[in-house]
Each structure stands twice: as structure tokens, then as C-alpha cells.
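Colleague: Need a 3D model of the sequence below.
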Amino acid sequence: MYTNKLHAGARFPEVEATLLNGEITPLSRPSGDRDWKLVLVYRGKHCPLCTKYLNELEQHIPSLHAAGVDVIAVSGDSKEQLETHLEKLNVSFPLAYGLTQEQMQALGLYISVPRSEKETDHNFAEPGLFVINQDGNIQVVDISNNPFVRPSLSELVSGVNWIRAPENNYPIRGTFR
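Modeller: Numbering: from 1, shown residues only. Got it, this is the predicted structure:
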């Protein structure tokens, strides 16, 4: 299967997901007074590395918010799976569920078939991370085909802070076609 990768600098697709309270939320739009958005796609509750990464991300939320970056994490899990996953999560940022296979493809994510029913009951997205700027364009993108390779959150936050500093005038990288 081939995937259609999203390019740095491209407009982030209009993809919506559902929050636990039932609210449908656009993934790309920041809330409150923040003007950038970090969208983290994780595999689902079956993935212990995702649980660890989400809990680690929580430690960086104050720095991201101070930099004007809103955060959301989303998976293809059901509402029930997300509710069960909350038992292992200690996060304050919004979690969304129900990402469809078509939405995963629109985001250019790698999609895996479960190895067994013990793993999960649906095809799921492999990890993806998108930082969307104030214009709705992809400033930073990281897409993996497995849970073992993900960006260091400390380095990501440091980098976002550096990019956002006006004196650095740092452009979106990787846009040569």
C-alpha cells in the first residue's frame, strides 16, 4: 500500500475527531489564545510505548502552552478503548478518538493491521506528529511506520521555541520539490 505523505509547508487537512465529551473538534485549529497546534497521532491503548510517550508529553505542556502551541492527541480507538486507556494516562491535554482509516490516509500516516484480536480490533495508524502554524500550514512533520522511532519531546519543544522566536526568522524546512 502506498501512502500520500503530507509535505512540510502544505495546508493541514480538515480532519475532525471526537473528544470524550462527544464534542467534534477540528484537529488543526488551536484553542484559546494559542495560535499553533501540535497534533499527535498515536497507535491506541494497546501500545505501551504510546502510553509512555503521551505521559511524557504531559511534562512539556506548560512549555508548549507558553510558546503558544495547543496540543491534542488522537487515535483510531473507540470511545470505550480511550476510556479504558485513561486508567494508564495522566494527561491534561485533550484526547480524541475515532480517527477513521480514510482520515489516517488523508494525514499520510502508515496504517497497520492488528496482529491478533488481543492487540486491537481495528486497523490503526502508526505514530505521526504535526506542528501546525498560525496559517494552518505544517511547520513540523514526523511520520513513523512503527512505535520505536519518535521525536525526542525535549528536543521538539526546544526546536518549536527556537522556531517561534521572531529574531530567528526560521522558515519551514524541507520544502524543496
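Colleague: C-terminal to the worst-scoring helix or strand of the chain on mean pLDDT, what's the next element?
Modeller: None of the helices or strands of the chain scores lower by mean pLDDT, DSSP states H and E than strand 111-112, at a mean of 90. Next along the chain after strand 111-112, taking DSSP states H and E as the criterion, comes strand 124-125.
Colleague: Pull up the pairing partners for that next one, direction included.
Modeller: Strand 124-125 pairs in its sheet with strand 111-112 (antiparallel), by DSSP bridges.
Colleague: Need the residues that contact the strand it pairs with.
Modeller: By CB atoms under 8 Å, 6 or more residues apart in numbering, the residues outside strand 111-112 that reach it are 1, 3, 43, 101, 104, 105, 123, 124, 125, 126. Every residue, glycine included, has its C-beta placed from N, CA and C.
Colleague: which among these end up buried?
Modeller: Among the contacts of strand 111-112, those classed as buried by 16 or more other CB atoms under 10 Å are 43, 104, 124, 125, 126.
Colleague: from these, which two are the most distant?
Modeller: The most widely separated members of the buried ones among the contacts of strand 111-112, counting by CB to CB, are 43 and 104 (10.9 Å).
Colleague: Overlap of the contact sets of these two?
Modeller: Shared contacts of residue 43 and residue 104, counting by CB under 8 Å, 6+ apart, come down to residue 125.
Colleague: so what's the residue nearest the centre of the chain up against?
Modeller: Geometric centre of the chain, nearest residue: residue 40, 1.3 Å, by CA atoms, centre = their mean. By CB under 8 Å, 6+ apart, the residues touching residue 40 are 53, 54, 57, 71, 72, 73, 74, 127, 128, 129.
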